[in-house]
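> Sequence and predicted structure are below.
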Amino acid sequence: MSTETDTQTEKPVVLELKNLQTHFFTDMGVARSVDGVSYKVHEGQTLGVVGESGCGKSVTALSIMGLIPRPPGKIVGGEILFEGRDLTKLTEAELRKIRGKEIAMIFQEPMTSLNPVYTVGDQIMEMMLNHEDITELEARERAIKLLEEVGIPSPEERVDNYPHNMSGGMRQRVMIAMSLACSPKLLLADEPTTALDVTIQAQILDLMNKLQKERNTAIVMITHDLGVVAETCDHVVVMYAGHVAEKADVFSLFENPCHPYTIALFKSIPDLVGKGGRLFTIDGMVPSAYNFPEGCRFQARCPFATEQCNTKPPMEEVEPEHFVACHHWREAKAYYAKEDAKEDAQQVEQEGAE
Amino acid sequence: MLTYIIKRLALMIPTFLAISLIVFAVVNFAPGNPGAKQAGAEGGQQANTGEQRESYRIFKEQFNLDKPVLLNFRYDLSNEDVSKVLSDILNENGEISPALRIVSQETVENWGRYAVPALMDILNTSDNVAMRALASQRLTINARKRLAGEFRKNLTAEQKAENKIIAAEVASFKGTYFMVEGAEDKNAISEVESKAFWNTWYETNKEGFAYSSTEKMSILFFDTRFAKYWGNLIRLDFGVSHLDKRPVLEKVFSKLKYSLSLAVTSVLLAYLISLPLGIWSAVNENSPSDRFVTLILFMLYSLPSFFVGVVLLNFFTIGSPVQWFPTAGFESIDTSEMTTLEHLKDIAWHLFLPITCMTYGALAALSRYARTGLLDTIRADFIRTARAKGLSEGVVIIKHAARNGMIPIITLLGTLLPVLIGGSVVIEVIFGIPGMGKMGFEAIMLRDYNVIMAILLIASSLTLIGMLISDLLLALVDPRITFD
Amino acid sequence: MSKASTTNASVQNAHAEEDLTYGDIVWGQLRKNKYAIYSLYLLIGLFAVAIYAPLLASDRPFIWTQDGVTTYPWFSSLFDRNYFENGVDIFFNALMVASLPVIGTWYAGLKYFQQSEPRKRPRRRKIQRLTFALIGLVFASYIALLAMPYEKPYRTYQEDYIAAQEDDSVSIEATFAVIPFGYRKTGFKSLDKPSTEHWLGVDQSTRDVAVRMLYGTRIALSIGVIAVSIYVTIGVFIGSMAGFFGGVVDLVVVRFIEIFMSIPSLFVILTLLAFVEKPSIFHIMMVIGLLRWTGVARLVRSEFLRLRNLDFVNAAIALGFPTHKIIFQHILPNALGPVLVNATFGVASAILIESTLSFLGLGDVSVPSWGQTLSEGYATSAWHLILTPGIAIFITVSLLNQLGDGVRSALDPKARK
């Protein structure tokens, strides 16, 4: 994770989504799961995509890979520019050459993401043998080395193990090894640590950071956990109901959240240090993907919503590289600033009294 | 792996013994007197001619039907027991029903040599001359020893010598009974002569009827149908068929190859067709052609096999409308002239319709399971991973999905085999294939008990072996299964 | 903040009204399956055919006027044990007579309860009690009917009628059913092809085929349902014992089941039946019931093994419920799903077994079984004797299989729509 804000914007863009729209056409109607999402990923950096379940973050990643199940799903608009090429315009055969070799993906459930009837080594080797012209022996050597890199002990023995012989954490490491086998430029990580214990989670995230530094891989880290974002990401995109609510580099976002949704997310994190009292919640529920409202999709739950919010809010630049899609972000910021000031004043009074 | 196989085979033995117990129970305790129908067929119910009676008696001896089923208390037969039964047969006061008389007749016949001491007693001491006469008549039969080797065909020299002695003794019994006055019988002699003969005979043979306690124990447990049955089983001796006196095992095994070729071919065909069909069906889910195929498979699944058999038989063989296949049989009559290839073609021509009948049902069931299994597998996470690796769709489906989807179908092999073996009965009967099923059916109709029991046991063994094979195949395909 | 709260309230209201039971959910899923529901309706139609068969085909005319005296022979023949020799026939006749009043009463009761009791569960319980009461009444009257004496002589109404048409001196007026034959009536031209007089032809024993098909429905359905009931009861009992108590009981039962499943059941059924002198359909039902309980027992056992360790069982034990109550009232209703699927397919399978047995000549010769007609078809190669029963069996089995498939999908939580 680089701390130099200046050089970040100079790194070349590996992936750029321009107004991507992916819809699902089912018996129950059209689900507009991704409806105009744009973001950029820079070489060697991590972009976090944050949001609740159902906000479209996974669908975005699957769209990039071209893995949307084709009967109900379809990319209906926008561009996915990978190193200059628009992935939405490529044929299936061309996409297959990119999958695994240039862009790799790891998934949430390590317990079920590996094929139970083939050995771990077989599956890693398959990746390499598919994309590169090497012999099986070479592939096996590289597989063992990869297992070592991801921190699996005794890799020469483990390479012949079956997935059911390994724990969840180890399987996720195998997934990471498999995805990095062909040294892709971009790695899409769809909630890679959600299904793991907290301690293992930390190990996996450290591993990913280390590998990123070594190989200069760009990572899109999809998660709902702001803690993970803080640990690993350079830039962050906050999504809600198929739209981008806010995007910024990680420091700006954490210090200066502007979108009411983002602010509410941060406020929802229980504070271990401060006073007791009720936990902050966001009223209401995420609307069903078949029934997204027109305009801003957060309006049903937003305390600052007005008539104006029926039109889609444009992306406004708050500070350099920090964008918000909200009509009333200034009011929101002002309101919460006042609330915080009041609380601080109360606290000072209390402390004075004691 | 080898130890696993050996362990399974060892475990099969108690299962097999238990099955043999059930088979024994079914055949012997089923309603209807075993041998009653047979007696009816051989006309031995009433005390008809001596010859018919004799052949019925021999039939009973052959199959140990004259012995009690479980425990044999006959070493203890008392004078009163025997007298009671004899007087029932005589029916002097006319109150005994014919049915009871027949039962009594059977009873005294079944007692065999165990009744001899009591019979001697009655012969010598009874006041009733009719009783004495009857006792003497019974003695000529009851005193006979059983032939060694129990009616098998290949006897050792010893057994043959023994039989010669027994036969000589039996011959000596001829005409040693007497009748009541007024009854005409050329062979009868006078009472005095009869008594003299028998008393001398009894003197020489008396020790044979005094049983020591160990002998009594062994009679109690081992001279029973049950014990004889198991004793034979352990020696893999399934007895002889009463139809043609051939050893049952030989008879059944000669037919086994027909049934097995039918069953194995059907299973192989069913699997070979259903797997690709299931894969194709899952990949093209809900397309019009898939829906059509699913409908056809569903209809096939619901068609009763004997209906299809009869329809095929009448449509394709009899001549109206077409005669493409022969009406019956496994192969043509004169196959000795043919080369192996021609022979095989001949068999295939004969077996085409029956194999179709046996296969389509299994095919329909397996394809449905293959389809659902594969549909579930395709939705699995690791398939998504495989696609994300950039593998072509074909490799994903065949290499990754199919191997996992196959697993539930292989477990079906274990349940498929008993269905096929049972179903073969109908198909073989319809198409006239001389296989095990047809033989079993005929044996059931003709009450050939040894054959029935043998076929039940062999069919069960085949099922057990089939289950073992399916477990082994499963372990081969799925590495998650280990041998413990 | 106002918009948010209204959404919340409406959501809560919707939940209160719903309150679906598990049975409601499963039934709802089944209803969405077109094919399964049509199969269910068609099966009910088949039952109706079985019940109302005498209306369509009977030897006895509905009204018989001879010499000015009017009698109603059809009605008196319904419970005449001399005419309908089989208990099954009498049962279906009883159902036929009782059907309208019973259904009427039940429907009226339904409407009444819907008015008087708005709350769902008490209303359902009352309807349940009414249903059981009516079913009990039907069975009681059936048993009473069986005990009634019977002495009616056998008259040849049809011949007399036809003869009377010729003969002017005798005046007879009669109204017959659509097919004026009973299923035992012989004397027609053997192997006659289908015609206007004999809609499906005549079989080898000079009996009308259409009537035998109609009455054969009764045989097929009753064997299916009763055999399945027998083996489901046995299987559920044994399976639940094994699954609940585990240990030695379980071990013994599992070995037992393994042994039973290794013996090809068709052979054993053939053997057992062949030894009975004159197998009646009750023997067939018993034999099928005694041999096929193993499948159900295995299902119930595995369900019990799974459910036994769930917390609600521990709670019930902690609350001190007696064991039999826990097994049968708490665990069993959860385990019955797969059993229902198995039972539906089992009815189809029992019908197939019975047809096979009749085909091989081991069935009950005194009842008009479909398999029997097929065996005559096999012997004589007469197409109308082959196709008619075959198609009848095919249709019945298809409907049952389709229903079974539907029930299986309805019970699958992953396939919820």
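Nice, I can see it.

> Flag the shaky bits of the stretch 151-300 of chain A, pLDDT-wise.
A:272-277 (pLDDT under 70).

> Run through the residues of it sitting next to chain C.
A:Asp283, A:Gly284, A:Met285, A:Gln299, A:Ala300 (Cβ under 8 Å from any Cβ of the partner chain). (Glycine included, C-beta is placed from N, CA and C.)

> Which one of those is nearest to A:Asp35?
Distance to A:Asp35 across those (Cβ to Cβ) is lowest for A:Gln299, with 14.8 Å.

> Count the residues that sit near B:Ala362.
As a burial measure, B:Ala362 scores 23 neighbours (other Cβ atoms under 10 Å in any protein chain shown).

> element containing the nearest residue to it once chain neighbours are set aside, please.
Using Cβ to Cβ, 6 or more residues apart in numbering or on different chains and skipping the chain neighbours, the partner closest in space to B:Ala362 is B:Ala270 (4.0 Å). When elements are assigned from DSSP states H and E, B:Ala270 belongs to helix B:248-283.

> excluding its backbone neighbours, what's nearest residue 173?
Let's take chain A. Take A:Arg173 and drop its neighbours on the chain: the residue closest to it by Cβ to Cβ, 6+ apart is A:Val150, 4.2 Å away.

> um, chain B though
B:Thr140 (4.5 Å).

> Now name the helix or strand holding the one you found.
Using DSSP H and E, B:Thr140 sits within helix B:129-142.

> Give the buried residues for that helix.
The neighbour-count check on helix B:129-142 (16 or more other Cβ atoms under 10 Å in any protein chain shown) flags B:130-142 as buried.

> Also stretch A:251-259?
Here stretch A:251-259 shows A:Ser252, A:Leu253, A:Pro257, A:Cys258, A:His259 as buried, counting by 16+ other Cβ under 10 Å.

> Okay, now the unreliable bits of the stretch 251-400 of chain B?
Low-confidence segments of the stretch 251-400 of chain B (pLDDT under 70): B:318-338.

> ok and the residue in the stretch 351-484 of chain B nearest chain A?
B:Gly390 (3.5 Å; Cβ to the nearest Cβ).

> thought that residue was touching A:Ile103?
No: at 9.1 Å, B:Gly390 does not count as touching A:Ile103 under the criterion of Cβ atoms under 8 Å.

> Between these two, tell me which one has more neighbours.
Set B:Gly390 next to A:Ile103 and count neighbours by other Cβ under 10 Å: A:Ile103 wins out with 27 against 21.

> Quick check: that one vs chain B, distance?
Distance of A:Ile103 to chain B, given as Cβ to the nearest Cβ, to the nearest Å: 9 Å.

> Can you tell me the closest non-neighbouring residue to that residue?
A:Leu186 (4.6 Å).

> The one you found touches A:Glu102, doesn't it?
Yes: when contacts are counted by Cβ under 8 Å, A:Leu186 is listed as touching A:Glu102 (6.9 Å).

> Give the residues shared as contacts by the two.
Residues touching both A:Leu186 and A:Glu102 by Cβ atoms under 8 Å, 6 or more residues apart in numbering or on different chains: A:Phe82.

> The residue nearest to A:Ile103: what's it in contact with?
Contact partners of A:Leu186, counting by Cβ under 8 Å, 6+ apart, are A:Val14, A:Leu15, A:Val41, A:Phe82, A:Glu102, A:Ile103, A:Ala104, A:Thr217, A:Ala218, A:Ile219, A:Val220.

> for A:Gln172, same thing?
By Cβ under 8 Å, 6+ apart, A:Gln172 lies in contact with A:Ile106, A:Pro110, A:Pro192, A:Thr193, A:Leu196, A:Ile200, A:Ile204.

> Weed out the non-buried ones from those residues.
Using 16+ other Cβ under 10 Å, the buried members of those are A:Ile106, A:Pro110, A:Pro192, A:Thr193, A:Leu196, A:Ile200, A:Ile204.
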